[in-house]
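Enquirer: next one to model:
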Amino acid sequence: MAQSRRVEKVSALIRKEMSHLFLNGLRTHRIQSPMITITDVEVSGDLQHCKIFVSIFGDSNYKDAVFSELEASQVFLKGELGRRLQMRRAPEVVFKLDRGMEKGTPVLDLLGQLEDERKAKNSDLIENQD
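Expert: Residues are numbered from 1 along each chain as shown. The predicted model follows:
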């Protein structure tokens, strides 16, 4: 149980420090964009591997360019995490593109359409009662 709490704590610290690095530590203008969000951080039980899920808002060309810059800066980010977290061995950092936001938009649109249909049906019922 203590191992689990430690993994959760390291995960939260990695998320916090990686957010700071995205805003201040990297010198590429694309990664400093506010359109990048860290959605989740998964750390292995031995703290040696870390998956960072990012969501990038924009068109597919922009997403590909930003994601390739993130992958190119993995070594730098691993070193910075090691220094900032003062860990004996910094975890290997792997970025994964989180497409949950892309999948959520069509679902919200569908829910909106269903709500409009329900309102139209209710208004028809009210008119028929009068």
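
Enquirer: now the helices for this protein?
Expert: Using DSSP state H, the helices assigned to the chain run over residues 2-20, 60-72, 74-85, 100-129.

Enquirer: to Asp40, which of the ones you listed lies closest?
Expert: The closest of these to Asp40 is helix 2-20. By CB to CB, the value is 8.2 Å. The way it works is simple: take the backbone N, C-alpha and C, and place the C-beta from them, glycine included.

Enquirer: domains for this protein, by residue range?
Expert: Following automatic domain parsing, one gets these domains for the chain: 2-98, 100-130.

Enquirer: touching stretch 7-17 from outside, list them.
Expert: Under the criterion CB atoms under 8 Å, 6 or more residues apart in numbering, residues 38, 41-45, 47, 50, 52, 80-81, 84-85, 87, 91 lie in contact with stretch 7-17.

Enquirer: center of the protein, which residue is that?
Expert: Thr39 (2.5 Å; CA atoms, centre = their mean).

Enquirer: does that one touch Val54 like I think?
Expert: Yes: look at Thr39 against Val54 with CB atoms under 8 Å: they come within range, at 6.8 Å.

Enquirer: in the protein, where is pLDDT below threshold?
Expert: Within the chain, the segments meeting pLDDT under 70 span 1-3, 25, 27-34, 101-105, 125, 130.

Enquirer: point out the most buried one among the domains of the chain.
Expert: domain 2-98 (a mean of 15; mean count of other CB atoms under 10 Å).

Enquirer: in CSV, list the helices of the chain along with distance to Leu26.
Expert: What follows is the helices of the chain, written out as CSV (distance: least, CB to CB, whole Å):
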stretch, distance to Leu26
helix 2-20, 10
helix 60-72, 8
helix 74-85, 8
helix 100-129, 22
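
Enquirer: rewinding a little: so what's the residue nearest to the centre of the chain up against?
Expert: Contacts for Thr39 (CB under 8 Å, 6+ apart) come out as 53-55, 98, 100.
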